[in-house]
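In: let me see the structure of the following:
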Amino acid sequence: MRVPTRWLWVASIVGCLLAARLLPESVFSLLRCPWQALVNMPCLTCGGTRALRALVQLDLGTAFSMNPLVALCALLGLAYVPYAVLWAPTRESRATFSTRTRVMLAAGALIVGLSNWAYLIAVGR
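Out: The predicted model follows:
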């Protein structure tokens, strides 16, 4: 039996948000970033766990100050859940993008990711 990809995304999104909400702080304090330990600078997702914990407590200001990209992706992921559950099952076709559009999307994602990383470095995350 083949599981539609959307259900894997829904399970991942809901699971991450539930973990951020329900697990005690002591669990997260045990986690150490290998990148930061190795090079002594923040990785692209540094502050992401704190951003998710703030987001599930509805503290958007703190969430976006901890890691804007993780907070934004979590909100977009949360918006995706009802789409995947209610509307996506009725759709059979997938969107297709031209090569130029794919390159533009990839370049945009790279710029956003690097901008987020620069922000994390600037604030000393």
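In: C-alpha from now on. contacts and neighbour counts both.
Out: Will do.
In: which parts of stretch 15-28 are buried?
Out: For stretch 15-28, burial by neighbour count (16 or more other Cα atoms under 10 Å) applies to 16, 17, 20, 21.
In: let me see the mean pLDDT of it.
Out: With pLDDT averaged residue by residue, stretch 15-28 scores 86.
In: also stretch 36-49?
Out: The average pLDDT within stretch 36-49 is 86.
In: endpoints of it, how far apart?
Out: Start-to-end span of stretch 36-49 (Cα to Cα, to the nearest Å) is 15 Å.
In: re earlier: helices - which of the buried residues of stretch 15-28 land there?
Out: Secondary structure from DSSP state H places 16, 17, 20, 21 of the buried residues of stretch 15-28 in helices.
In: about what we covered before: dump the buried residues of stretch 15-28 into a markdown table; add distance to residue 34 as well.
Out: As requested, the buried residues of stretch 15-28 are arranged in a markdown table below (distance: Cα to Cα, whole Å):
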| residue | distance to residue 34 |
| --- | --- |
| 16 | 20 |
| 17 | 23 |
| 20 | 20 |
| 21 | 24 |
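In: out of those, who's nearest residue 113?
Out: Minimum separation from residue 113 among those (Cα to Cα) is found for residue 16, which lies at 20.5 Å.
In: give the buried residues for the top helix by length along the chain.
Out: For the chain, the longest helix by residue count, based on DSSP H, is helix 99-122. Neighbour counts over helix 99-122 (16+ other Cα under 10 Å) mark 116, 117, 119, 120 as buried.
In: this structure: helices as residue ranges?
Out: Listed from the start of the chain, the chain has helices (DSSP H) covering 5-22, 25-29, 34-39, 48-56, 60-66, 68-82, 99-122.
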